[in-house]
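Asker: coordinates for the following, if possible.
(one chain, ligands or ions: 1)
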Amino acid sequence: MARAYSFPEPQRTALLSGWGRTSPTRAEVLAPASAAELTAALADPPARGMVARGLGRSYGDAAQRAGGRVVDLTGLTDVELDVETGECRVRAGTSIDTVLRVLVPRGYFVPVTPGTRFVTLGGAIAADIHGKNHHRHGSFGSHVTSMVLRTADGERRVIGPHAEASLYWATVGGMGLTGVIEEVTFQAQPITSSRLVVLAERTTNLSDSIARLIELDREAEYTVAWLDLAAGGAGAGRSVITSGRFARPEELPRRWSDRPFAFDPGLPVDVPVTPPPVVLNPVSIRAFNEVWYRKAPRRPKQVINSIPTFFHPLDLLGSWNRIYGPNGFLQWQCVVPDTATDVLAGIMRQFTQTGGRSFLTVLKRLGPGNQAPLSFPTAGWTLAVDVPVGDPDLPRLLDRLDEQVAEAGGRIYLAKDARMRPELLPVMYPRLDDWREVRASVDPRGVFRSDLSERLGLT
Ligand SMILES: Cc1cc2nc3c(=O)[nH]c(=O)nc-3n(C[C@H](O)[C@H](O)[C@H](O)COP(=O)(O)OP(=O)(O)OC[C@H]3O[C@@H](n4cnc5c(N)ncnc54)[C@H](O)[C@@H]3O)c2cc1C
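Answerer: Predicted coordinates:
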């Protein structure tokens, strides 16, 4: 095939890792800045395969390919919004941050946002991301009307829930293994202002946290609990719950009432150095958790928050992933069915017994999942725990927890995984073979491959 564009030789190689900074590998990186350059970047795939990469916010090895090619999509950005209908068309390398800067001042929001604005739309669909409103609105894949997918045969296919539906659902949550998403059209959500009415409260133990989250899911658009994993005994599972909805203009304080859709998230401040592991020890983490918990109001308290404060507080610090020290960290995220609260309690107890070394532990109740065979969200409780790498007992603990999750009918989130054992994959994702069939039909030679797909034997 004649190439309209070519990349200068020798091509750039780079050492790439996920957000957790574990398992870096080297690949040839091509960063197309136009559709024609994307065509060139996808031509002549190397023997070890290739995979797309967005902003590298998946925690493990999903967006890297050792000895192969990584196609960096972040140069392909553009947002078009139909202000009448809320239909939004973007190039897949556009970040949610950029999309929000267009949408919010015009009275719209993304249907689903993760805990960071710095993910691309391609990455959002490939991981079928969920947010604080999953119990109401499901995951991102349920809000896409169509997208353009570049498949291994060089085709540019327009797919969606009503066009090549099986390929569409295999791409949603498909971790970049069906092809490269070039363009996405989704339905934006109208909002009444750019501020949120937020209820913050603290709970005293796990059953209290669970009961309150169930109650709040009936009332609130957005809910999430930050859990104090360092607390054991009677306080095990205590949490700070925040729930909210977008404020109506008349609810805004006077200083914002003349600019109801103002959105100025500012720029993140970088963490200047990688702190030594000693900064992060059980004592400092326990102290942090204690202060955070005590800071929250004892009784429910209503406040008005901005979008960044409510949805993306971690984005205030750039590269905060370095806080966990030079060895990097893992985020272990599972979901277990609604009824498996005893399994949930057991998992938390095992983390606490090994030192509860996590600043960030999040508990959220998910609603029903969608049709995508590899999509993570499914009805039940999702728990996400950040753990620094280095403790020699950690691998055994996480393997044990994976087994408990699988046995309970739950699963691990692939966008966060960096170490799971492959034999659990078909147990956790029982429709894996359906997905493999669709994937094999569009990529019979296995052009799209990642370190994650090789490690887990996904394809
Ligand atoms: C602080 C933080 C908070 C988070 N909170 C949440 C949360 O609340 N909910 C949630 O669901 N997730 C959450 N995540 C995870 C994150 O949303 C996903 O990992 C997402 O996929 C990252 O997008 P990215 O653009 O960085 O993609 P990358 O990490 O670069 O890639 C992720 C996967 O997407 C594929 N991919 C990327 N672009 C394309 C494309 N154009 N075409 C095809 N495949 C592509 C890659 O091949 C890879 O498999 C969080 C991550 C961080 C760091």
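Asker: show me what residue of the stretch 251-400 of the chain gets nearest to the ligand.
Answerer: Closest contact between the stretch 251-400 of the chain and the ligand, by Cβ to the nearest ligand atom, is at residue 314 (4.8 Å). C-beta here means a position set from N, CA and C on the backbone, and glycine is covered the same way.
Asker: wait, is that residue part of a strand?
Answerer: No - looking at residue 314 with DSSP: H, G, I helix; E, B strand; the rest coil, it is helix, so not inside a strand.
Asker: ok, now which ones touch it?
Answerer: By Cβ atoms under 8 Å, 6 or more residues apart in numbering, residue 314 lies in contact with 115, 116, 320, 360.
Asker: try residue 208
Answerer: Taking Cβ under 8 Å, 6+ apart, we find residue 208 in contact with 237, 238.
Asker: for it, what is the enclosing helix or strand?
Answerer: Using DSSP states H and E, residue 208 sits within helix 206-219.
Asker: buried set for that helix?
Answerer: For helix 206-219, the neighbour count (16 or more other Cβ atoms under 10 Å) marks 206, 209, 210, 212, 213, 216, 217 as buried.
Asker: contacts for the host helix or strand of residue 240, please.
Answerer: Residue 240 belongs to strand 239-246 when elements are defined using DSSP H and E. Under the criterion Cβ under 8 Å, 6+ apart, residues 109, 191-203, 209, 212-213, 216, 219-228, 292-293, 296, 305, 310, 363 lie in contact with strand 239-246.
Asker: give me that answer again for 7 Å
Answerer: 191-193, 196-203, 209, 212-213, 216, 220-228, 292-293, 296, 305, 310, 363 (Cβ atoms under 7 Å, 6 or more residues apart in numbering).
Asker: sheet partners, orientation included, of it?
Answerer: strand 195-203 (antiparallel), strand 222-227 (antiparallel) (DSSP bridges).
Asker: looking at those strands, which is nearest to residue 251?
Answerer: strand 195-203 (6.1 Å; Cβ to Cβ).
Asker: now the closest one, how far from the centre of its chain.
Answerer: Distance, stretch centre to chain centre, for strand 195-203: 22 Å (Cα atoms, centre = their mean, to the nearest Å).
Asker: could you do stretch 391-408 as well?
Answerer: Centroid separation for stretch 391-408 versus its chain: 21 Å, with Cα atoms, centre = their mean.
Asker: pull it out as CSV, backbone CA atoms only.
Answerer: Output in CSV follows, covering the C-alpha atoms of stretch 391-408 (Å, rounded to 0.1, in the frame of the first residue of the first chain):
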residue,chain,number,x,y,z
ASP,A,391,5.9,-5.4,50.4
PRO,A,392,7.0,-9.1,49.8
ASP,A,393,3.6,-10.4,51.0
LEU,A,394,1.6,-8.2,48.6
PRO,A,395,1.6,-10.6,45.6
ARG,A,396,0.3,-13.5,47.7
LEU,A,397,-2.3,-11.3,49.3
LEU,A,398,-3.6,-9.9,46.0
ASP,A,399,-3.7,-13.4,44.5
ARG,A,400,-5.8,-14.6,47.4
LEU,A,401,-8.1,-11.7,47.1
ASP,A,402,-8.5,-12.2,43.3
GLU,A,403,-9.6,-15.8,44.0
GLN,A,404,-12.2,-14.6,46.6
VAL,A,405,-13.5,-12.1,44.1
ALA,A,406,-13.8,-14.7,41.3
GLU,A,407,-15.5,-17.2,43.7
ALA,A,408,-18.0,-14.6,44.7
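Asker: from the rest of the structure, what touches that stretch?
Answerer: 332, 334, 336-337, 340, 343, 346-347, 350, 354, 387, 411-412, 419-421, 424, 427-428.
Asker: narrow the residues you listed to those in strands?
Answerer: 332, 334, 336, 387, 411, 412 (DSSP state E).
Asker: residue contacts, residue 70?
Answerer: Contacts here follow Cβ under 7 Å, 6+ apart; on that basis residue 70 touches 16, 27, 29, 50, 51, 53, 63, 64.
Asker: could you dump those to a markdown table with distance to residue 454?
Answerer: Shown next, in a markdown table, are the contacts of residue 70 (distance: Cβ to Cβ, whole Å):
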| residue | distance to residue 454 |
| --- | --- |
| 16 | 15 |
| 27 | 13 |
| 29 | 18 |
| 50 | 13 |
| 51 | 10 |
| 53 | 16 |
| 63 | 13 |
| 64 | 10 |
